[in-house]
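A.B. asks: This is the structure alone, sequence omitted:
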C-alpha cells in the first residue's frame, strides 16, 4: 500500500511539472528575428548523391534560403535512397547530404523524419549522434516536438501506420527494431501526440510526416493515417499537415480546414501520374522537382512552391483567424 501511494504521488508530480506523461522529445529552436517571424525551407525525397537533379534543387534552395534568411530546414523523409543508410559510417550520408547542401544559407539546422526508404536501411544510424558529429546540421528522430516561438511542429513517424509494409513488403526488408509490437507503438505515439497538442498554447500547430493524408499523387491517400491520425489533427485544430512520399509538389485544402502540403520533389520526379481530386481543393499539383518555403508571422503563414529553376509555381496565404471569421486568401503565379 505504501509503495502504491509513493507511485501515485510520483505520477501526480510528473503531471504537475511536465503537463503530461508524454514521452515525445521536446526541442526549442531559438527565434532570432525581432518580429518573431520564421522562414523555413521544406524538402523531401532527396538523398540520391546529387543525382536526378538533386544538386540543382539544392542550388535553388540555397538561393531562396539566402533571400529569405531562413531559420532552419525541414526534411520530410526518404533522406537516403534506395535503402537508407547501412550504418553511421556509410559514405552515402556525406555524398547525399553534406556535399550537396553546401550553400552558405543552408548551413542551418535540419530537422528530419524518416521515410519508408530510410526504414529499409539501418534506422538507428540516421538517429545516431555520430552523424551530428560529422555534420552539426543533422537532427533526425522518429517523432518529436519542435517549439520555435509562436509555432509548434509535431514531427510524426508515419511508417509503422502503413499496413502494406508489414503484409506485402514487396521483397523489401524493413528495420522495425524498437517499433514492434506495432499496435503498442502506434497507440503510444497517438496518445503522446494528442497529449502534447492539447497542452500546446502555440499560435500555430504544424504536423510533419512522410506519408500523405490527402494527395493526388501516385501513392494515393494513406488510409491508415486518415483513420487514425487525421481525427487527432482535426480535434486539436492543426493548421498544416506537411509531407513528402509522392515525388511532386501539392497543395490541397479548403477554407477553414487543415491545409495539406506536399514537398517531395527533392530529386527523382516526373512520374506522370495524377489521381482524380476535387479541383476546388487541389490548388497545386506539379509533377516535378522543387521545394517549398514557409514564412510565418503571428497573423499568417505564407507558403511558396519553387521549381528546379527557382520559378514560383504557387503561393498561398493562410491567416490566423478566429473560429468564426476569416478566409484563406490565395495567390497564383
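C.D. replies: Nice, thanks for sending it over. Quick caveat, the model's predicted, so the values are computed rather than measured.

A.B. asks: quick one: low-confidence ranges for the stretch 101-250 of the chain?
C.D. replies: 169 (pLDDT under 70).

A.B. asks: 80 instead?
C.D. replies: 168-171 (pLDDT under 80).

A.B. asks: quick one: the helices in it?
C.D. replies: Ranges of helices in the stretch 101-250 of the chain, per DSSP state H, counting those that start in this stretch, are 123-126, 129-134, 164-167, 182-199, 223-228, 230-235.

A.B. asks: Can you show me the strands along the stretch 51-200 of the chain?
C.D. replies: Under the criterion DSSP state E, counting those that start in this stretch, strands of the stretch 51-200 of the chain are mapped to 72-75, 110-112, 138-140, 144-148, 151-155.

A.B. asks: and of the ones you listed, who's closest to residue 246?
C.D. replies: strand 72-75 (15.3 Å; Cβ to Cβ). C-beta coordinates here come from the backbone N, C-alpha and C atoms, glycine included.

A.B. asks: For the strands of the stretch 51-200 of the chain, give me TSV that also has distance to residue 26 and mean neighbour count.
C.D. replies: As requested, the strands of the stretch 51-200 of the chain are exported to TSV (distance: least, Cβ to Cβ, whole Å; neighbours: other Cβ atoms under 10 Å):
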stretch	distance to residue 26	mean neighbour count
strand 72-75	16	23
strand 110-112	13	23
strand 138-140	13	21
strand 144-148	5	20
strand 151-155	9	24
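
A.B. asks: Who does the most centrally placed residue in the chain form a beta bridge with?
C.D. replies: The centroid of the chain falls nearest to residue 208 when counting by Cα atoms, centre = their mean (2.9 Å). Residue 208 has these beta-bridge partners by DSSP bridges: residue 155, residue 242.

A.B. asks: didn't it look like it was pressed against residue 157?
C.D. replies: No: Residue 208 is not in contact with residue 157 according to Cβ atoms under 8 Å; the separation is 10.4 Å.

A.B. asks: closest to residue 233 out of the strands of the stretch 51-200 of the chain?
C.D. replies: strand 151-155 (8.8 Å).

A.B. asks: Let me know the angle separating the closest one from helix 182-199.
C.D. replies: Orientation of strand 151-155 against helix 182-199 (axes from the mean of the first three to the mean of the last three Cα atoms, to 10 degrees) gives an angle of 180 degrees.

A.B. asks: So what touches strand 151-155?
C.D. replies: 38, 74, 111, 113, 141, 143-147, 193, 196-197, 200, 202-209, 238, 296 (Cβ atoms under 8 Å, 6 or more residues apart in numbering).

A.B. asks: Report the separation between residue 151 and residue 158.
C.D. replies: 20 Å (Cβ to Cβ, to the nearest Å).

A.B. asks: repeat for residue 283
C.D. replies: Distance from residue 283 to residue 158, by Cβ to Cβ: 23 Å.

A.B. asks: So which of the two has more stuff around it?
C.D. replies: residue 158 (28 against 21; other Cβ atoms under 10 Å).

A.B. asks: wait, that one sits on residue 226?
C.D. replies: No: counting by Cβ under 8 Å, residue 158 stays clear of residue 226, with 11.6 Å between them.

A.B. asks: Count the residues that sit near residue 129.
C.D. replies: Residue 129: 10 neighbours (other Cβ under 10 Å).
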